[in-house]
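S.K.: Show me how the following folds:
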Amino acid sequence: MCSWCYAFKPVLEQLRPQLPEELEFISLLGGLASDTDSPMPAEMRQQLHATWQRIEQKVPGIQFNFDFWNDWQQTYPRRATYPACRAVIAAHSFDQKNDKKDDNNDHKYETLMINAIQKAYYQQALNPSDNSVLIKLADSIGLNEQLFHSELQAEQTQHELEKQIAQCRQMNVHSYPSLILKIDQSFWPVSINYLNPDSMLETINMLLNFE
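M.R.: Numbers count the residues shown, from 1 in each chain. I've put the predicted structure just below:
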């Protein structure tokens with residue numbers, strides 16, 4: 001539910017196949033905004049609406065459905081991204097239970113859930129802060145609604161989210177998206193480029209060669 005992360009995804013998908021083979025790519029959930037049932041203040045709604053507009057102007061090919069903000073009394077925006085984070089973790093639990101796992105499918109349902117959440121939020125004006133929306137998205141990607149709901153509310157799902165948030169803080173990640181190269185026990189931030197992967201790949205290769 002980070003609009004800049006959504007804007008970064010196309011270039012990240014170009015970058016990943018070009019990364020050196022010795023690197024392992026790991027995605028972490030930063031949490032962003034904890035649970036709340038309180039409606040989002042008008043000032044914040046206006047700020048995020050403006051952010052979406054700015055992204056459309058700066059990143060070619062990225063478009064949003066502004067009905068989410070225009071119909072805010074129906075969508076009921078809240079500053080709560082933890083539910084969507086837990087949904088990604090819950091979806092990944094089905095990847096881990098898959099007896100026919102392979103390297104290409106280790107994160108199948110996790111990836112499908114991320115894509116479904118972003119499509120729902122940014123294109124369909126649905127609110128992924130609502131568990132009811134997340135459960136329907138789980139069904140849309142082929143997961144059993146009842147089993148998914150159980151995983152979504154499980155203590156271990158919340159514990160995993162807290163663990164990933166702690167890992168982000170350990171790496172001094174305070175904004176999203178962030179790209180960090182870990183070499184031994186050192187963390188090297190890589191500046192985000194929303195237009196092409198070349199500068200990021202150059203930085204990564206330079207750091208690897210330097211080390």
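
S.K.: how about the helices of this protein, start to end?
M.R.: 3-15, 42-58, 67-70, 72-75, 82-97, 108-122, 131-140, 145-153, 155-170, 198-210 (DSSP state H).

S.K.: can you list the residues that contact the fourth one?
M.R.: By Cβ atoms under 8 Å, 6 or more residues apart in numbering, the surrounding residues in contact with helix 72-75 are 40, 45, 67-69, 125-127. For the C-beta atoms, the positions are set from N, CA and C on the backbone; glycine is no exception.

S.K.: Please state the offset of it from the chain centre?
M.R.: 23 Å (Cα atoms, centre = their mean, to the nearest Å).

S.K.: Which positions in that helix come out as buried?
M.R.: 72, 75 (16 or more other Cβ atoms under 10 Å).

S.K.: repeat for stretch 62-76
M.R.: Buried residues in stretch 62-76, counted by 16+ other Cβ under 10 Å: 62, 64, 68-69, 72, 75.

S.K.: per-residue pLDDT, residue 32?
M.R.: According to the prediction, residue 32 has pLDDT 87.

S.K.: Could you check what's spatially nearest to it, not counting adjacent residues?
M.R.: residue 81 (4.4 Å; Cβ to Cβ, 6 or more residues apart in numbering).

S.K.: Let me see the contact set for the one you found.
M.R.: 1-2, 31-33, 128-129.

S.K.: can I get those residues in a markdown table with neighbour count and distance to residue 119?
M.R.: Below are the contacts of residue 81 laid out as a markdown table (neighbours: other Cβ atoms under 10 Å; distance: Cβ to Cβ, whole Å):
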| residue | neighbour count | distance to residue 119 |
| --- | --- | --- |
| 1 | 22 | 12 |
| 2 | 16 | 15 |
| 31 | 17 | 21 |
| 32 | 18 | 18 |
| 33 | 17 | 20 |
| 128 | 23 | 10 |
| 129 | 24 | 15 |
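
S.K.: Would you tell me which one of those residues comes nearest to residue 18?
M.R.: Checking these against residue 18 by Cβ to Cβ gives residue 2 as the nearest, at 23.3 Å.
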